[in-house]
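*Asks:* 3D, please:
(chains A and B)
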Amino acid sequence: MRDDGRDMDGRPSPDALLQRAERETRGRLKIFLGAAPGVGKTYEMLTSGHAKKADGVDVVIGVVETHGRKETEALANGFEVIPRSAIDYKGRHLEEMDIDAILARRPGLVLVDELAHTNAPGSRHPKRYLDVQELLSRGIDVYTTLNIQHVESLNDVVAQITRIRVRETVPDSIIDRADDIEIIDLTPEDLIKRLHDGKVYVPKTAQRALENYFSPGNLTALRELALRQTAQRVDEQLLTHMQAHAISGPWAAGDRVLVCVDDLPRSASLVRYAARLADRLRAPWVALHVETARSIHLSEAARDRIAATLRLAERLGAEALTRPGSDEVEEIVRVAASSNVTHIVAGTPKMSRWREWLQGSVTSRLIRNAGDISVHVIAGDDREGDSVATGIKTAPAPTQFKIRPYILATLYVGCALGVGVLLDQSLDVRNIALVFLMAVLASAVTEGLKPGLYSSVISALALNFFFLDPHYTFVIDDPESIVAFGFFFVVAIIASNLTASVQRQAAAARLRARTTEDLYLFSKKLAGTGTLDDVLWATAFQLASMLKVRVVLLLPEDGTIAVKAGYPPDDTLDDADIAAARWAWEHNRAAGRGADTLPGAKRLYVPLRTGRAAVGVIGLDNDRQGPLLSPEQQRLLDALADQAALAIERVQLVADVDNARLAEEAGRLRSALLTSISHDLKTPLAAIMGAAGTLRDYQSALPEEDRLELLTTVTDESERLNRFIANLLDMTRIESGAMEPNAAFHYTGDIVGSALRRARKILADHTVDVQVPADLPMVRVDPVLFEQVLFNLLDNAAKYAPEGSTIRVRAESNGERILVRVSDEGPGIPDGDLERVFDTFYRVRKGDHVRAGTGLGLSICRGFVEAMGGIISAENRTDRSGAVFTISLPLLPNAPNLKDMK
Amino acid sequence: MTLSTVKILVVDDEPPIRRLLRVGLATQDYAVSEAGNGKAARESVENELPDLILLDLGLPDMPGHDLLRGWREEGLTLPIIILSSRTDEAGIVRALELGADDYVTKPFGMNELVARIRVALRHRLQQQGERPLFQTGGLSVDLVKRIVKVDGREVKLSPKEYDILRMLVQHAGKVLTHKFLLKEVWGNADDVQYLRVYVRQLRQKIEVTPDQPQYITTETGVGYRLREADI
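*Replies:* Numbering: from 1, shown residues only, chains lettered A, B, ... in the order given. As a prediction, the model looks like this:
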């Protein structure tokens, strides 16, 4: 924004500094600007090139047209020339600048003649200035030449001066971004002299036209344009300098320009005028299109033109807005007031005089309502509309003539005729006319304008033929009837017009509502998705179904981009497509089919843009020929792509945060593991070593009883150590994911039995009460894992429940699952810890000492049960104190039973 | 049992385990020789003609399974008991299928090992003539008359249940793999679930507390074992 470069404290404006920083990494662009061909731009460029070369810069010629001029050729000979690449197009052999060869050569400076040149079809970019942009973005300096008439915003001014419209234009942004502009000035007299001396290259076919072009008047005007353009630039450089150095200067602030865009072809020239105005005022500007009820029945060509004009405005640096409104003038004034617009650019009225008188001219009402705002009324140039170049070519939705609405309209009139015949005896003919009016309204409501008008006509004919004297002729005798008939016809036409227009507005509103809803649903869907894959899939699917295209989504991967999702999913890319996708990603701009860059690719690639950069690329294609999307779809695509980009960025950010948290957790776990292992390994080891050492050293001194006790210590502690090591091994199996449950159908009772047998010793001080129904169906488990789970639960119960208490084991089926419960009579689990007991190294604290144990047993239970497809949960007993652990395993319908096997 | 000293070859690469077995088995009057690897084990079998081998599956120079297979293919019939770790059920089953007689998991109690050795040796001697009447605790099986009694009360078994029980009785005290039982009772069925269903039925009939069986115990992941006969 140029209007707001300063900061309150007089610090340099960040925007200005940024602009400078960007220039420092990019290659530098110098434009040799001339008012007309033949002023010596190429010569001057080559001379400057030699100066650079003398300074030690690596200078090469990308493309220079010498047009056989001796001096120029002599100058060009001193440089290395990058050979042009050959392109065969429709049997013709064309040569273009070889951008890849230049990029590979990586010179310090390239000389590129004729910036406005249009490349041969099949080149990477359709325009040479796009090639130059790419060279600059790769850090290569470029010298280039340009004539003033090729500057986009001056295009129509030049056309007015010279009466020749130049088709090849260069966006103003290129000129704005040039680091240096050198004007090659020659007085008109000298130029004309050069022309007569044959020093100006002129194609033979254009000889006569150019004779007119090189009139002194034209050349003077063009020269002034070129000088003014350069002068403006100098102003701007001064401004940037002042901003960057925080010099507060007296520049005009607060100006804002708004240009009204409508469907008329001259809108493009209004936009160019506004661009120049804004540039002169150094003001930001807005291009506004108001969608009124009238917009609904615009032709697709007109809609295309509006979209293209708005895009042109965006390219020239405007903010493009589309606003719905019932009244164009009101909406324009509202937008203008809300964004502090100081200048409105509008076109001269184009409607016929009587209609202007009837409806009031938009322009004159605008002037009346604008208040303080200056209104610039511009005649504009109709031919402009066709020259609007679009970034992405779009196609109108096919409209077909349908016979059905007319058949239905005829049917309505037929019904009216039937009713009329029935009522003819009892009613006056004027009332019958009302019946026909019903049919007309019905046709207009249900089928639209044209069938409505059609039914107006046939109603009138039927009324005349069947009901007006003389009957069954198209002649009317009675003058009164003639008047009535005339009124009927007019009323029918007006009524169908009104009705159909209401209908259309409703339809348009519905369409807008649906689009809005689609967008809303899409954003809701994206908000609900957690993983990147989900987001990509949802995006691909939504785009495919909303735009009726095939979609691929590409995301960065190892420095390049690769297909991550698609709908339908089996798409592969060929080399041209990969190149286009890469280009779109690297340059954050559309490429491929229908776009400016690499239009030869099969798909159109649109970057998924966020505030930072492109997070990925969407590729679209379909089987139809020609442009891929209608303007409406193009706008929908933009909206969808923005949302998808945000969602992808969100998921990636969440993933980053998650990874950081996981790493932290893993670290905590490791330290807990070390603490626990050292404690749990060393305690039994200390006991064993102590006991064994005592036995060895003092054997003879020990009474028999003590010796036995020490030996028991050795065996018991060894068993404890053994259990702990077994747990550690199990935990390792779970955490390494190396567990492959070997599941088969087993009886719960069998496994409970083996677990109890293994736990015999541990449970010696407790009573165990087991109830497993004999008819309990088989359950699909890994017997080894399941036994270990039960063993750990029994071990845990024995650890926490007091000696002499009862440990209960119950199994039951609820029809869908088998539930195995192990309950004890211990203190139970603190409520807040019910879920945490399954965490690794968690121990319920009892008073101030920690129960001997590993803190792994329950965690292993959960790991094993989940590996077998079951659930384990902890609760407290409701009948008394104590904990209950419940294992729930699914009952499978194909569990074998005895009847099946004999 | 013979009166002459029984010679046991211990094949294990860990010296502490060998020392433990040497000391422990000597208390039971077995003569113990040791081999630290597969090669030494082969030589020892040829030179010293042991009566029983204790074989650790993890040897430094060759897999214990290969050693086992080689001996059985050469026609060596002496009992071989595997020393293994608890988490290697698949390895145990494979060794049993290759012809091992039984197994103990490390760490093991000496009493458990001695019981396995005794059962294995007794089965070699009984191969020629089966005892017609088998008795363990309250369970008695008359293999000639096909009568099964629990605590003196006759129990009706289905033919398949009886076949399973008979196989277990013939190898009482030894572990029988699922595959072995299936092959012997059903011929070639390979669905372990059949076996589980029948063993359960059998337990319902002969065990006092079927969920905590005293006679037929489950060796989880390996097979079943019937309690040793009372002499």
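*Asks:* wait, A:Arg28 sits on A:Arg177?
*Replies:* No - applying C-beta atoms under 8 Å as the test, A:Arg28 and A:Arg177 come out as separate, 10.2 Å apart. (C-beta placed from N, C-alpha, C; glycine too.)
*Asks:* quick one: buried residues of stretch A:617-637?
*Replies:* Using 16 or more other C-beta atoms under 10 Å in any protein chain shown as the test for burial, stretch A:617-637 gives A:617-622, A:627-637.
*Asks:* please, where are all the strands along chain B?
*Replies:* Using DSSP state E, the strands of chain B run over B:7-11, B:31-35, B:52-56, B:80-85, B:102-106, B:133-136, B:139-142, B:147-150, B:153-155, B:175-177, B:216-219, B:223-226.
*Asks:* pLDDT on the first one, on average?
*Replies:* Per-residue pLDDT values across strand B:7-11 average out to 93.
*Asks:* what helices or strands is it leaning on?
*Replies:* The elements that strand B:7-11 packs onto, with contact taken as 3 or more C-beta pairs under 8 Å, 6 or more residues apart in numbering or on different chains; DSSP states H and E, are helix B:15-26, strand B:31-35, helix B:38-48, strand B:52-56.
*Asks:* mind listing what that strand pairs with, with the direction of each?
*Replies:* Counting by DSSP bridges, the strands paired with strand B:7-11 are strand B:31-35 (parallel), strand B:52-56 (parallel).
*Asks:* longest helix of chain B?
*Replies:* Looking across chain B with DSSP state H, the single longest helix is helix B:110-126.
*Asks:* list the helices and strands that helix packs on?
*Replies:* Counting contacts by 3+ C-beta pairs under 8 Å, 6+ apart, helix B:110-126 is packed against helix B:15-26, strand B:52-56, strand B:80-85, strand B:102-106.
*Asks:* out of the ones you listed, deepest packed?
*Replies:* Most buried of the helices and strands packed on helix B:110-126, by mean neighbour count (mean count of other C-beta atoms under 10 Å in any protein chain shown): strand B:52-56, with a mean of 24.
*Asks:* quick one: that strand to chain centroid distance?
*Replies:* Its chain's C-alpha centre and that of strand B:52-56 lie 13 Å apart, by C-alpha atoms, centre = their mean, to the nearest Å.
*Asks:* please verify my assumption that A:Ile688 contacts A:Asp716.
*Replies:* No - judged on C-beta under 8 Å, A:Ile688 makes no contact with A:Asp716 at a distance of 9.3 Å.
*Asks:* so which of these two has more stuff around it?
*Replies:* Ranked by neighbour count (other C-beta atoms under 10 Å in any protein chain shown), A:Ile688 and A:Asp716 place A:Ile688 first, with 19 against 15.
*Asks:* secondary structure element for the more buried one?
*Replies:* Taking DSSP states H and E as the definition, A:Ile688 sits inside helix A:631-698.
*Asks:* ok, then the element right after that helix?
*Replies:* Assigned by DSSP H and E, the successor of helix A:631-698 is helix A:704-735.
*Asks:* that next one - what's its average pLDDT?
*Replies:* The average of the pLDDT scores along helix A:704-735 is 83.
*Asks:* what does stretch A:756-773 give?
*Replies:* Per-residue pLDDT values across stretch A:756-773 average out to 89.
*Asks:* for chain B, what lies in contact range of chain A?
*Replies:* When proximity is defined as C-beta under 8 Å from any C-beta of the partner chain, chain B approaches chain A at B:86-87, B:89, B:107, B:191-194, B:196-197, B:199-201, B:204, B:210-213, B:217-218, B:220-221.
*Asks:* mind checking which of these are buried?
*Replies:* With burial judged by 16+ other C-beta under 10 Å, the buried subset of the residues of chain B next to chain A is B:86, B:89, B:192-194, B:196-197, B:199-201, B:210-213, B:217-218, B:220-221.
*Asks:* can I assume A:Ala614 is in contact with A:Leu608?
*Replies:* Yes - the criterion here is C-beta under 8 Å, and A:Ala614 meets it with A:Leu608 at 6.0 Å.
*Asks:* and A:Arg177, how many residues sit next to it?
*Replies:* Using other C-beta under 10 Å, A:Arg177 has 16 neighbouring residues.
*Asks:* that one reaches A:Leu29, doesn't it?
*Replies:* Yes - under the criterion of C-beta under 8 Å, A:Arg177 makes contact with A:Leu29 at 6.7 Å.
*Asks:* hang on, A:Val259 in a strand?
*Replies:* Yes - assessed with DSSP: H, G, I helix; E, B strand; the rest coil, A:Val259 lies in a strand.
*Asks:* okay, now the closest residue to it other than its chain neighbours: neighbour count?
*Replies:* Using C-beta to C-beta, 6 or more residues apart in numbering or on different chains and skipping the chain neighbours, the partner closest in space to A:Val259 is A:Ala274 (3.6 Å). A:Ala274 has 29 neighbouring residues, counting by other C-beta under 10 Å.
*Asks:* so where does A:Ala274 fall, helix or strand?
*Replies:* In the assignment (DSSP H and E), A:Ala274 maps to helix A:267-281.
*Asks:* that helix: what's the following helix or strand?
*Replies:* The helix or strand immediately downstream of helix A:267-281 is strand A:285-291, counting by DSSP H and E.
*Asks:* which helices and strands does whichever helix or strand comes after that next one pack with?
*Replies:* For strand A:285-291, the following helix or strand on the C-terminal side (DSSP H and E) is helix A:300-315. Counting contacts by 3+ C-beta pairs under 8 Å, 6+ apart, helix A:300-315 packs against helix A:267-281, strand A:285-291, strand A:319-324, helix A:631-698.
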